[in-house]
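Undergrad: with the input below, show me the fold.
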Amino acid sequence: MTIALTRRAALACAVAFAAVPAVAQDTWPTGPVHVFVGFPAGSSPDILARIITDPLSQRLGQPVVIENRPGAGGVIGVQQMLVSAGDGHTFGTTINGPLTTAQRLMDDTGFDVAEDIAPVTLIATSPLVLAVSSDSDFTDVDSFVAAAGAEPEALTFGSVGQGSGAHLTAELFAAEAGVSMLHIPFTSYAEVTTSIMGGEIDSGFMAPSAALPHVEAGSMRMLGITSAEPFAQAPDVPVLAGQAGLPDDFRAELWNAFIAPADTDPAVIERLNTEINEILADPAVQEQLLAIGWQAAPGSPADLEERIATDTAMWGAVIDRVEAQ
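TA: Below is the predicted model:
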């Protein structure tokens, strides 16, 4: 069932009627833990959540139940986490969009990140690769940027829609490189990939795990990656930072985080942070994450809070430029 919170007051009322008792770290949890995921079962965010919650259940001594509430790019999952909260056992995992760009791209998400969300920990990050057809004349990012700079919007790029991670990454790349490209929106990554390989569009930013099978089949080429350092899943792909006029600190990553309602007992947040970080330190878990295109990225609640603020500012500036065009 899809929910739609059109006024922040609706959320405030739901929370007000659910008094949250103080929960001591040594007695929590006293029952099943529910983790809301804003994407369907079998999706990458869902698989990632299950990689974490399966061992978390063993560590907590209680079932950890995934609650899939897909919709609005993950926003519905965060909404449902908040309206279902009240017993100190309700949490969520989310990609970066609902915490960094959604409140700029949607009329009303139904929640305020700073007021309603308590960061627990960053879980994992995933860079994007700049992909072109293997038949393309572009063999490196220098030749690609040179062609893009020769004529405004001479080159095209595809994404899964206005405001998507791939769209904003391409706009950030173009702005930092001092070029202008034409955005061609599609409804799925499959369409973007097919259009790149067929030469209908020139390029697209996508997860390495999505591009690699086509690279290995000889139908696609990766010109560069948006992480600050080479990515283990595609170690031979050069980082874009410092190339073709891009700044040395250029970086654009998707990420996934574990979050809680803002009024969650701090002792519970500390417990969850410790447990999840120890799970992420397990080489077997790291391999599972890497297999689906994610790199473990443990840290403190303060680290996640800083990441939210930094990326909100960075993507907000990109959205401002796009809206001004």
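
Undergrad: please enumerate the helices of the stretch 101-250 of the chain.
TA: In the stretch 101-250 of the chain, the helices defined using DSSP state H, counting those that start in this stretch lie at 102-105, 113-116, 141-150, 165-177, 189-197, 208-216.

Undergrad: adding distance to N68, mean neighbour count and mean pLDDT, write these out as a markdown table.
TA: Every residue, glycine included, has its C-beta placed from N, CA and C. Formatted as a markdown table, the helices of the stretch 101-250 of the chain follow (distance: least, Cβ to Cβ, whole Å; neighbours: other Cβ atoms under 10 Å; pLDDT from 0 to 100):
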| stretch | distance to N68 | mean neighbour count | mean pLDDT |
| --- | --- | --- | --- |
| helix 102-105 | 18 | 18 | 93 |
| helix 113-116 | 21 | 16 | 97 |
| helix 141-150 | 38 | 18 | 96 |
| helix 165-177 | 20 | 22 | 96 |
| helix 189-197 | 20 | 19 | 95 |
| helix 208-216 | 21 | 18 | 93 |
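
Undergrad: and R321, which of these is closest to it?
TA: Taking Cβ to Cβ, helix 165-177 is the member of the helices of the stretch 101-250 of the chain nearest to R321, at 6.0 Å.

Undergrad: and the closest residue in space to V129 that isn't next to it in sequence, how many neighbours?
TA: Leaving out its chain neighbours, the residue that sits closest to V129 by Cβ to Cβ, 6 or more residues apart in numbering is M222, at 4.4 Å. M222 is flanked by 19 other residues according to other Cβ atoms under 10 Å.

Undergrad: any idea what M222 is bridged to?
TA: When bridges are called by DSSP bridges, M222 pairs up with A131.

Undergrad: list the contacts of it.
TA: V129, L130, A131, P208, A211, V215, A234, V237 (Cβ atoms under 8 Å, 6 or more residues apart in numbering).

Undergrad: do you know how far the second one is from P208?
TA: Okay, so that is L130. Going from L130 to P208 by Cβ to Cβ, to the nearest Å gives 11 Å.

Undergrad: need the overlap of contacts for those two.
TA: In contact with both L130 and P208: M222, I225, using Cβ under 8 Å, 6+ apart.

Undergrad: hmm, who's touching stretch 61-72?
TA: Under the contact criterion Cβ under 8 Å, 6+ apart, stretch 61-72 has outside partners 2-3, 29-41, 43, 46, 49-50, 53-54, 56-57, 76-77, 79-80, 84, 102, 106, 109.

Undergrad: kindly report the same for stretch 300-309.
TA: For stretch 300-309, the surrounding residues in contact (Cβ under 8 Å, 6+ apart) are 96, 99-100, 113, 118-122, 255, 257, 269, 273.

Undergrad: at 6 Å what do you get?
TA: L99, P119, V120, T121, L122, A257 (Cβ atoms under 6 Å, 6 or more residues apart in numbering).

Undergrad: from these, which two are the most distant?
TA: L99 and T121 (13.1 Å).

Undergrad: neighbour-wise, which of the two wins?
TA: Neighbour count, other Cβ under 10 Å: between L99 and T121, L99 has more, with 27 against 23.
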